[in-house]
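Undergrad: Predicted structure and sequence below. I'll ask about it afterward.
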Number of protein chains: 2
Amino acid sequence: MRLPDFKVEQWMNVYENDAVYNLTDTCVSPLTFGELTAMDSEQSLSDLKLDYGTITGDVHLKKEILSLYQSGTIDNITLMQGCLQANESVIYTLLSPGDKVIVFEPGYQQFADLPRSIGCDVISLKLYEENGWQPDVNELEEAMKQKIRMIIVNQPANPTGVLFEKAYCEKMIELATKQGTYILSDEVYRGLADEASISDLYEKGISTSSLSKIFSLAGLRLGWIKGPQEVIDQINVRRDYSIISTGPLADRLACIALKNKEAILSRSRAIISANQKVIAAFLDAHPRFHLVMPKAGTVGFLGYDAEIDDTMLAEQLLKKEGVFFVPGSCFGSEKHLRLGFTCDCETMRTGLEKLNEFLENL
Amino acid sequence: MRLPDFKVEQWMNVYENDAVYNLTDTCVSPLTFGELTAMDSEQSLSDLKLDYGTITGDVHLKKEILSLYQSGTIDNITLMQGCLQANESVIYTLLSPGDKVIVFEPGYQQFADLPRSIGCDVISLKLYEENGWQPDVNELEEAMKQKIRMIIVNQPANPTGVLFEKAYCEKMIELATKQGTYILSDEVYRGLADEASISDLYEKGISTSSLSKIFSLAGLRLGWIKGPQEVIDQINVRRDYSIISTGPLADRLACIALKNKEAILSRSRAIISANQKVIAAFLDAHPRFHLVMPKAGTVGFLGYDAEIDDTMLAEQLLKKEGVFFVPGSCFGSEKHLRLGFTCDCETMRTGLEKLNEFLENL
C-alpha cells in the first residue's frame, strides 16, 4: 500500500534543524522531563515496572482524558501513541476500498492520502480564505448526495486555524445523521478556547487528540480516541495487531500532565496570545501580508503578495536568514506560509521582520 | 479493513490480571524505571525537552541497535514503537492486495491475519513437533512454485521457540533470491544465544525487534526495523502518516538499556536458565508432558496428554488454581500451552505442580 511523500512532515524533517527562527511549529514550546515530573513531586517513577502496563490503557489516565469532554464514559476512550496514530487507526478500522470520504483543503495531508492508499474515493471540499477559511455549505450538500462513509475534519484546523461556524457544523451533523456517516474530527488543537468536541455533539462523531500540541508534550507520544463504544471496541481489536499498549511510563506521565492541565494550558495561552499580539502589530504595519487570525489552536495561514512562490520563498528564507516556515503548497494552497504561535515573542518579531525585508529586497 | 480478534492478545487482556502464577509471559521479568535509569547515573533526564526529538530516530540509539547486527549502517535502521508495529509497518509498506505471503503454523497470528486484512493470499506451512518444530523443506519448495512476495518467519519463534535449521534457512534464502521474495523475520526473541539475523544473511531480509522481551523493557514501547535501505526509506515515508517519531524520552531510555545490554542480557539468561532447569526436572518426573526445549528465546510450547482441550484447561486452571497459560489454540495448535521462561523459579515450580495435580484429578 504505497503512500506519497507526506509533504509537511518531509519538509519539517529535511529543514527543521537548520532553523534559527522557527516560526512554523505547531507545538507550544515543549516542556522538559524535569518540568513535567516536578508537577507531581509526591509520585516517584522509580518503582514503576516497565511492562506493557494496562493493555487497554491506564484507567486513571482515561478518567483525566474524559474530563476534557462533556459526555461519555471511559469505555468511549482508547489510548494511542499520538493523534496521527489515532487518526490512522480510525481510518484503517472503519474504511474499506471503495468507501467515499470527504476532506477539506487546504488541510492536513494524512486525511486525504491515507484513505486513498487503501482505495477510498476522496472528495475534497474547499476552505475559502475570503470567507475566513469557512467551507461552503452548498458544496457539502452537493457532495452528500452520494453515500459518504466518513467526513474528516480538523477542528481547529491545521494550517488555517479555522473552526467551522455553528450553522455549518449543525448542517454537517444533520446530513451525516441521515446517512449514518462517521465524522472523524482531529481535535489535537482543541482545548485552549471552549471549542465543542464532535464526540459530544454527534453519536457517530469520533474525536482524536494528543498531548503534543497545546499540552507541549509531543515527546510522550500519547494520544487518544473518543468515540462510540462499538467503534472503540473495533479499534481495540486493531490495537492488538499494532501497538498492544501505550506503556505505563507514557501513561503515568500523561496522567501528571492532565492533572495539571490548568497550569499547562495557562502557559500555552500566554505564549500564543503574546505571539498573536506581535503578529497583529506586524500585519498592521505591513499590508502585503494577510492572516485570518484564528480564535483557537496554535497555527494560522499567513498569505503574502509578492512574485515568488511559497516553496522557493521558504527555502531561500531559511537558507539566507535562518527563518523557517512550512510553505502553503504542503497543504494544497500557494502563496501562504504556515505560522505557528508557539515560539518566544522575540523570535517571532525578528523572524517576521526578516520575512518582510526579504520580500522588500526581491 | 476488518480484523478478527487477536486470540493470544485478547486472552492476555481478559485473563492476565487474574494470574497468581503467570507461567506464560514472553517478557523476561520487567525492569523498573529506577533500575534502568540507575544504569546511567551521569545522565540526567531533567533537561530533556519533550518535543518530537529526532524524527527519524536518535542517531546514538541507532548506533547501539546496529551493534546487535553484523552488517549495515544506521541508514538500514528505523525506529518503531515495538516490534508488533515494526511488523505492521513492513507489511503495510511492502504488501498489496493479491500478494502471496508464506507464514508458519503454529505461529503468531499477526503474520497471517494482517496480510489477509489487506487482501493478501496467505499460505501457511506447518511446523512439525515430531521434528523439533522444524518445517518441511519440500513443502516450502512446493509453495514457492508460485510467485511469493514475502515470507514471514519468527526466529526464535513464538510459541514453539524453534530456530530453523541452517540448511532450511539456506534453502529458503536460495528460493527467495530467485524470486526477489522479501523475508520478514520477527527477531524480537533473538539475542540470548548467537542466532543469526536475516538482515545479515540476505539482501532482501528484514529484521524486526524491540526491547520488550529479552531486554525486559516492554514499557518503553521501543522497537526497530533493520533492512535494505530502499525498504527503510519507504517505511520512513509511512512513518510520517503513522507515528512521526518514537520521541526523545523512549529514545534516551532505550539508549541507556542498549549501552548496558550485557548486564541486562546476563540477568535475562540467568532467569531463563533457572526456569528451564525447573521445567526439565518437571518433565522428567511427569511423562504426561512433553516440550521441545528451545535453544534460544523466552518461550516454549508445552504439550500434554489428557482428555481436556487446551482452552478449557487454561480457563479452569486460572479460575481454580490461579495458574495462567495461553492455550495452544490461540496459535493454531491444540493440547498445548505456551510456557514462558520468564518468571521466578518458585512461581514456575508451584505453577507446574498445580497444573499436574489438576490433570491428575480430572
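TA: Now that the structure is in, tell me what you want to look at.
Undergrad: who in the stretch 101-250 of chain A is up against chain B?
TA: Contact residues (Cβ under 8 Å from any Cβ of the partner chain) of the stretch 101-250 of chain A with chain B: A:110, A:113-114, A:118, A:212, A:216-221, A:234, A:237-238, A:240-250. Any C-beta I mention is one placed from the backbone N, CA and C, and that applies to glycine too.
Undergrad: what does the domain assignment say about chain A?
TA: Per automatic domain parsing, the structural domains of chain A span A:7-31+A:262-360, A:46-261.
Undergrad: pLDDT on the shortest one, on average?
TA: Going back to what we said before, that points to domain A:7-31+A:262-360. Mean pLDDT, domain A:7-31+A:262-360: 95.
Undergrad: Figure out how far it is from the centre of its chain.
TA: In terms of Cα atoms, centre = their mean, to the nearest Å, the centre of domain A:7-31+A:262-360 is set 16 Å apart from its chain centre.
Undergrad: for that domain, how far is the first residue from the last?
TA: 28 Å (Cα to Cα, to the nearest Å).
Undergrad: is any part of that domain close to chain B?
TA: Yes. Domain A:7-31+A:262-360 lies within reach of chain B by Cβ under 8 Å from any Cβ, at A:Glu9, A:Gln10, A:Met12, A:Asn13, A:Glu16, A:Cys27, A:Pro30, A:Leu31.
Undergrad: which residues touch A:Gly205?
TA: Counting by Cβ atoms under 8 Å, 6 or more residues apart in numbering or on different chains, A:Gly205 touches A:Ile173, A:Tyr182, A:Ile183, A:Ser185, A:Ser197, A:Ile198, A:Ser199, A:Gly227.
Undergrad: List the residues that contact whichever residue of the stretch 201-350 of chain A sits closest to chain B.
TA: Distance from chain B to each residue of the stretch 201-350 of chain A (Cβ to the nearest Cβ) is smallest for A:Gly219, at 3.1 Å. By Cβ under 8 Å, 6+ apart, A:Gly219 lies in contact with A:Pro30, A:Phe33, B:Leu48, B:Lys49, B:Leu50, B:Asp51, B:Tyr52, B:Gly53, B:Gly247, B:Pro248, B:Leu249.
Undergrad: Check whether the first one really touches A:Ile214, as I assumed.
TA: No. In terms of Cβ atoms under 8 Å, A:Pro30 does not count as a neighbour of A:Ile214; the distance is 11.8 Å.
Undergrad: who has more neighbours, these two?
TA: Neighbour count, other Cβ atoms under 10 Å in any protein chain shown: between A:Pro30 and A:Ile214, A:Ile214 has more, with 28 against 22.
Undergrad: these two touch, right, that one and A:Val28?
TA: Yes. Here A:Ile214 reaches A:Val28: they are 6.0 Å apart, a contact under Cβ under 8 Å.
Undergrad: what is in contact with these two at once?
TA: Common neighbours of A:Ile214 and A:Val28 (Cβ under 8 Å, 6+ apart) are A:Ser268, A:Thr298.
Undergrad: Could I get the full set of helices for the stretch 151-300 of chain A?
TA: Counting by DSSP state H, counting those that start in this stretch, the stretch 151-300 of chain A has helices at residues A:166-179, A:198-201, A:229-239, A:248-259, A:261-285.
Undergrad: Tell me which of these sits most buried.
TA: Of the helices of the stretch 151-300 of chain A, the one with the most neighbours on average (mean count of other Cβ atoms under 10 Å in any protein chain shown) is helix A:248-259, at a mean of 23.
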